[in-house]
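Undergrad: predicted model follows, preceded by the sequence.
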Amino acid sequence: KKMGLLQASIGSIFMGGGIAAMHYVGMAAMRLSAMCQWSLPLVALSVILAVVISFVALLLTFYFRGDLSAWSWLKVLSAVVMGAAIPIMHYTGMAAATFTVTSTLAHGETTHAVSVSSLSITGIIVVTFLVLGIAVLSSQAGRRFSVQAVELEASSQLAAIVESSDDAIISKTLDGVILTWNSGAERMFGYSAEEAKGKTMTLLIAPEQSDEELGILARIARGERVAHLETTRIRKDGTKIDVSATISPMRDSQGRIAGASNIARDITERKEAETKLNAQLSRLSLLNQITRAIGGREDLRSIYQVVLRALEEDLGFDFGCICDYDQITRNLKIIHVGAHSQALSVKLGLTEQGLISIDTSGLSRCVLGQFFYEPDIADVKMPFLQRLVGEGQRSLVAAPLLVESKVFGVFIATRREPARFSNGECDFLRQLSEHVALAAHQAQLYVSLQQAYDDLRQTQQAVMQQERLRVLGQMASGIAHDINNAISPDRKSVVE
């Protein structure tokens, strides 16, 4: 695949030497009535020229061996250089010869002369053209073999690329029958090439998506290309994966559509990441919405009502309530039950103002300030949790409402399916409980301040009332004294 200077030099010596040998052997075969004398410098120059031009010709021939075009200026230049080796060497060799006329053949002595008849001339001409024809045919055959070799190498490289690709690369007929199946398809779908070849693409398609494949085949038959189709496919083990597929028509040597190539890329992880991102954005929006909604509320019941209504509409759960926690009695008192949970709360006996004992509920960790998630409460033998299981509930979350490390309430939510609260939902509920606790604490402070203000007003009013009574008492006493003084002389006169 690579010709160095050493290889080109050795080849040019053999080629140039062959050309020089052919010339001088031919010259030696001639019989003339003259003496031939040679100029050694010119003879050496002719041989050197033959070798040098052959060297250049070999390099050009090897360099342009991959050019498969029928005609180009570079090929013409190569041919001119290669063809120049023989005439340049020939005429340089002829210039090296000097002929001196002699009488050796002047009197008809032609015993050692070469006699060429008309038949021989014809034979020479025929052989010459035959050799030229063989050379042309050999050149065409060599070119064809070179093209085939390049095409074969390209096909081998393409096959290696297809086989090593992480994408699933599949070819199929217009009826959807699988023709080829690379290793990427084996890894992606779980079927070996032997299992997949000869089967239809419905092997990978859910029954409800059969119309999708028919539509794709119809578009391919019309010569259309289906690019970046995001859909789902089924693995051998039955699991569904998200794929991005590009389907293109395949044409035969006459240009007719003979099938389709299908390149599929597994985008399950990307889809999951997008879903998680959208869920996070949705939960952030919900958190902001709830925070703004409860920010202007001043009583606990309305705050809890807003929180439970928003959670039921956006997250969805089967039962949800918010409780106050009494550290002295170690009981949870249900303050508010979600609107969608009312019917189930009656069945569970967990209506508003109802009590839940911490010691029998399994929520002791929650009242210590820890977020509590139980994927399957059926495995926890606690009376409260088993009551939930009896009504079909299986997974539970409990988030503490605490301010300054003091728990004053608990949010509880359940679902019917085990392990139905995702990590993202648990993180969201943990953050939400902090916002709700802060809003509830502010509402409690507001209520406390309002109560203190009311008490202060009542005290002020009582003090003012007492002061008024005291003043009135003093006024009455003064009036009574003045009256008493006024009637005292009259009493004396009456006595006298």
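TA: Here it is on my side, so go on.
Undergrad: where do the strands sit along the stretch 1-150 of the chain?
TA: 34-38, 97-101 (DSSP state E, counting those that start in this stretch).
Undergrad: got the angle for the first one vs strand 97-101?
TA: Counting by axes from the mean of the first three to the mean of the last three CA atoms, to 10 degrees, strand 34-38 lies at 160 degrees to strand 97-101.
Undergrad: contacts for strand 34-38 next, please.
TA: M27, A96, A97, T98, F99, T100, V101, T102 (CB atoms under 8 Å, 6 or more residues apart in numbering). Heads up, the C-betas are built off the backbone N, CA and C, glycines and all.
Undergrad: what is the mean pLDDT for that strand?
TA: Regarding strand 34-38, the rounded mean pLDDT is 76.
Undergrad: same check, this time on stretch 375-384
TA: 89.
Undergrad: can you pull the buried residues of that stretch?
TA: Buried residues in stretch 375-384, counted by 16 or more other CB atoms under 10 Å: I377, M382, F384.
Undergrad: a markdown table for the strands of the stretch 1-150 of the chain, including distance to I53 and mean neighbour count?
TA: Listed next are these as a markdown table, based on distance: least, CB to CB, whole Å; neighbours: other CB atoms under 10 Å:
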| stretch | distance to I53 | mean neighbour count |
| --- | --- | --- |
| strand 34-38 | 21 | 12 |
| strand 97-101 | 20 | 11 |
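Undergrad: distance to I234 added to the ones you listed, as CSV?
TA: Conversion of the strands of the stretch 1-150 of the chain to CSV gives the following (distance: least, CB to CB, whole Å):
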stretch, distance to I234
strand 34-38, 88
strand 97-101, 87
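Undergrad: what's the closest of the ones you listed to S364?
TA: Each of the strands of the stretch 1-150 of the chain was scored for nearness to S364 using CB to CB, and the closest is strand 34-38 (119.3 Å).
Undergrad: pull up the pairing partners for that closest one, direction included.
TA: strand 97-101 (antiparallel) (DSSP bridges).
Undergrad: in PDB, list the C-alpha atoms belonging to the strand it pairs with.
TA: Only the C-alpha atoms of strand 97-101 are listed here, as PDB (Å, rounded to 0.1, in the frame of the first residue of the first chain):
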ATOM      1  CA  ALA A  97      26.200   5.300 -32.400                       C
ATOM      2  CA  THR A  98      28.500   6.400 -35.200                       C
ATOM      3  CA  PHE A  99      28.400   4.500 -38.500                       C
ATOM      4  CA  THR A 100      31.400   4.200 -40.900                       C
ATOM      5  CA  VAL A 101      30.700   2.800 -44.400                       C
END
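Undergrad: how far does that strand sit from its chain's centre?
TA: 85 Å (CA atoms, centre = their mean, to the nearest Å).
Undergrad: same thing with stretch 220-236?
TA: 17 Å.
Undergrad: likewise stretch 195-204?
TA: 25 Å.
Undergrad: buried residues, that stretch. List them.
TA: Using 16+ other CB under 10 Å as the test for burial, stretch 195-204 gives A196, M201, L204.
Undergrad: for the closest residue to the last one other than its chain neighbours, what are its contacts?
TA: This points to L204. Leaving aside its sequence neighbours, L204 sits nearest to R233 (CB to CB, 6 or more residues apart in numbering; 4.5 Å). R233 sits next to F189, L204, I205, K240, I241, V243, A264 when contact means CB under 8 Å, 6+ apart.
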